[in-house]
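Undergrad: Return a 3D structure for these sequence lines:
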Amino acid sequence: MDLLEATLYTIKAMVIMDNDGNRILAKYYDKNVFPTAKEQKQYEKNLFQKTHRANASEIIMLDGLTVVYKSNVDLFFYVMGGKNENELILLSVLNCLFDTISLILKKNVEKRALLDNLDVVMLAFDEICDGGIILDADPASVQKRVDLRNDELPLGEQTVAQVTNAFHGLFW
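TA: Predicted coordinates for the structure are as follows:
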């Protein structure tokens with residue numbers, strides 16, 4: 001029996017697709033698995049065909065990858081790891097991604113709201129995983145770091161424009 005070499009590079013990709021199978025946001029971390037955008041798109045098409053009927057969280061093996069996914073309203077969230085990757089670790093990343101986006105969108109997790117906040121969602125991707133290494137799996141801490149429009153910032157950490165807008169809202 002071969003022992004697997006331990007590695008921090010657990011995530012191969014994170015993808016969000018709409019209910020038509022179109023990519024909204026994707027990050028691929030292993031260039032050996034998907035070296036070109038064409039191969040990524042083909043994999044996504046195949047992945048969507050296999051998973052679009054699900055209405056909850058599931059785990060599948062597809063083309064040598066372990067994929068955990070979740071659907072909500074008109075969005076599909078996917079986290080992919082190697083064939084021998086621990087599904088619970090992948091699931092914790094998926095839950096962090098979904099819950100962070102839910103916090104960012106104030107529980108309105110649907111395509112339109114996601115597209116309106118795509119900049120913050122992209123930051124959340126980067127805060128959760130960097131180069132395939134899991135950085136954070138706590139949705140509250142990720143949301144706190146990526147929330148660019150946070151009204152709860154201390155006065156000293158706000159920009160002049162944020163302070164002006166806050167006072168404008170109070171007095172006019």
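
Undergrad: Give me the residue ranges of this structure where confidence is low.
TA: With pLDDT under 70 as the threshold, the chain has low-confidence stretches at 1-4, 55-56, 148-172.

Undergrad: center of it - which residue?
TA: For the chain, the residue nearest the mean C-alpha position is residue 97 (4.2 Å; Cα atoms, centre = their mean).

Undergrad: For the helix or strand harbouring that one, buried residues please.
TA: According to DSSP states H and E, residue 97 maps onto helix 87-104. Residues 89-101, 103-104 are the ones in helix 87-104 that count as buried (16 or more other Cβ atoms under 10 Å). For the C-beta atoms, the positions are set from N, CA and C on the backbone; glycine is no exception.

Undergrad: and if you look at stretch 24-31?
TA: Across stretch 24-31, burial judged by 16+ other Cβ under 10 Å covers 24-30.

Undergrad: Next: stretch 105-118.
TA: Quick answer for stretch 105-118 (16+ other Cβ under 10 Å): 105, 109, 111, 113-114, 117.

Undergrad: start to end distance for that stretch?
TA: 10 Å (Cα to Cα, to the nearest Å).

Undergrad: Show me where the chain has its helices.
TA: 37-51, 87-104, 111-116, 118-128, 139-146, 160-171 (DSSP state H).

Undergrad: on contacts alone, who are the packing partners of the helix holding residue 97?
TA: Secondary-structure packing of helix 87-104 (3 or more Cβ pairs under 8 Å, 6 or more residues apart in numbering; DSSP states H and E): strand 11-18, strand 58-62, strand 65-72, strand 75-82, helix 118-128, helix 139-146.

Undergrad: let's see 6 Å
TA: strand 65-72, strand 75-82, helix 118-128, helix 139-146 (3 or more Cβ pairs under 6 Å, 6 or more residues apart in numbering; DSSP states H and E).

Undergrad: Quick one, which of the helices of the chain gets closest to residue 78.
TA: Nearest to residue 78, of all those, is helix 37-51, at 6.6 Å by Cβ to Cβ.

Undergrad: got the contact list for the closest one?
TA: The contact list for helix 37-51, computed with Cβ atoms under 6 Å, 6 or more residues apart in numbering, reads 17, 21, 23, 28, 34, 69.
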